[in-house]
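Student: sequence first, then the predicted structure, then my questions.
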Amino acid sequence: MSRTEQAHRYSETEEQQALRGAVADVAAKYGSGYWLEKARANERTIELWAEAGALGYLGANIPEEYGGGGGGIAELAIVCEELAAAGCPLLMIVVSPAIAGTIIARSGTDEQKTAWLPGLAEGTAKLAFAITEPDAGTNSHNLATVARRDNGGWILNGRKTYISGVDESDAVLVVGRTDDEQTGKLRPALFIVPRDTPGFDWKPIEMDVIAPEEQFACFFDDVELPAEALVGGDVAGLDQLFAGLNPERITIAAYANGIARYALEKAVAYANERQVWDVPIGAHQGVSHPLAEAAIQVELARLVTSKAAALHDAGEARAAGEAANMAKLASADAALLTLDRAIQAHGGNGLASEYDLAAYWGVLRVARIAPVSREMILNYVAQHTLGLPRSY
């Protein structure tokens, strides 16, 4: 490989650059004022979601035969990042097209693909994703949501917690377990549960996080589902679940990277304009160096996010898993550092609503916890990258 070819590995294609610019143009029409107004009023970002969907951006990773852009997670991560960089982070991109769209495109039956992928691609349909349980936490092997066969269909029982956007979704992609007829043991399985299915109930969880998307506790009490609700049909299993986990980590990293860029841009503009001792405060190293360090951390996080997306789209599952975990941790840490330093550069103004900064702290802090905790990522890297003994 020539040096030129090596260099191009770290740059985007012309198509990706064009996508980035086009999404940025749309996002600029809305901006932080729109997003914060919706978040503070407990309203949804319906207008931005609809426009992004109509322009094909939400379906960037959906196969062309189902109305999508035919790209990969790299393209969807660009969409996610550019919206966030304009102050409009959309968490449901991570949930609906990234997780659910990838799982159904890779593992769904032909009927499931036809039923869901076109709507996911154009933004007219949404799927929530339910894996977390009150008593399982990070231990997905301890899930207690179970489906049993009944008259050719399924009966689903269990609970889920901290599930994003149930109220604005058409259905929920639920991770449960079923009996394996060969081993007699429970194995993972995913079910599409329409929001209005009898026996399925949900209630909002009160949060001190400002965001347009709400979190919900979900309850499944003898929920009757048809056979076709099982994603992938009879071949359902662990592969279906894992298909959505790396895209989730990669797009949440892109989400954090975008907010970091938003905060850094505002800090730089303020540091160039604000004068206290006859020169802009950005001329002082006490202001400029913390922002420069933050810029370096953000760029490193963006690089590993791009690497993770490229590995995922190339089908390198194991390498993508390592990079996606690293990207998620690095991006959350870099974004929180950047936001904190942007606030500090503003002084007291950084906490004022007028400057549209502090309100993003909550949604970024969540990125250190979900979809997988920082500690579990470190466990993963210690074990799988460094070869150290398993610690849990």
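Tutor: Thanks, I have the structure now. Numbering: from 1, shown residues only.
Student: just give the nearest non-adjacent residue to the residue nearest to the spatial centre of the chain, would you?
Tutor: In the chain, the residue lying closest to the centroid (Cα atoms, centre = their mean) is V94, at 2.9 Å. Once flanking residues are discounted, V94 sits nearest to T251: 4.5 Å by Cβ to Cβ, 6 or more residues apart in numbering. C-beta coordinates here come from the backbone N, C-alpha and C atoms, glycine included.
Student: number of nearby residues for that neighbour?
Tutor: Each residue near T251 was counted by other Cβ atoms under 10 Å, and the total is 31.
Student: wait, it touches E75, no?
Tutor: No. Counting by Cβ atoms under 8 Å, E75 is not a contact partner of T251; they are 10.8 Å apart.
Student: shaky segments in the stretch 151-300 of the chain?
Tutor: 180-186, 234-238 (pLDDT under 70).
Student: what segments of it are strands?
Tutor: Assigned by DSSP state E, counting those that start in this stretch, the stretch 151-300 of the chain shows strands spanning 153-164, 171-179, 186-194, 200-204, 215-225.
Student: ok, then the element right after the helix or strand harbouring A345?
Tutor: Assigned by DSSP states H and E, A345 belongs to helix 317-346. Downstream of helix 317-346, the first helix or strand assigned by DSSP H and E is helix 361-366.
Student: tell me which helix or strand comes right after that following helix.
Tutor: For helix 361-366, the following helix or strand on the C-terminal side (DSSP H and E) is helix 374-380.
Student: flag every buried residue along that following helix.
Tutor: Residues of helix 374-380 classed as buried by neighbour count (16 or more other Cβ atoms under 10 Å): I377, N379, Y380.
Student: cool, stretch 67-74 as well?
Tutor: Those would be G67, G68, G69, G71, G72, I73, A74, for stretch 67-74 by 16+ other Cβ under 10 Å.
Student: contacting residues around the residue nearest to the centre of the chain?
Tutor: C80, E248, T251, I252, Y255 (Cβ atoms under 8 Å, 6 or more residues apart in numbering).
Student: adding pLDDT, write the buried residues of stretch 67-74 out as a markdown table.
Tutor: Output for these, formatted as a markdown table (pLDDT from 0 to 100):
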| residue | pLDDT |
| --- | --- |
| G67 | 97 |
| G68 | 98 |
| G69 | 98 |
| G71 | 97 |
| G72 | 97 |
| I73 | 98 |
| A74 | 98 |
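Student: now the longest helix belonging to the chain: buried residues?
Tutor: Assignment by DSSP state H gives helix 238-273 as the longest helix of the chain. Neighbour-count burial for helix 238-273, counted by 16+ other Cβ under 10 Å, picks out 240-241, 243-264, 266-268, 270-271.
Student: go on, stretch 309-325?
Tutor: Result for stretch 309-325 [16+ other Cβ under 10 Å]: buried residues A309, A310, L311, H312, D313, A320, G321, E322, A323, A324, N325.
Student: likewise for stretch 197-215?
Tutor: Buried, per 16+ other Cβ under 10 Å, within stretch 197-215: T197, F200, W202, I210, A211, P212, E213, E214, Q215.
Student: pick out the most distant pair among these.
Tutor: T197 and I210 (30.9 Å; Cβ to Cβ).
Student: find the nearest non-adjacent residue to E51, please.
Tutor: V26 (6.2 Å).
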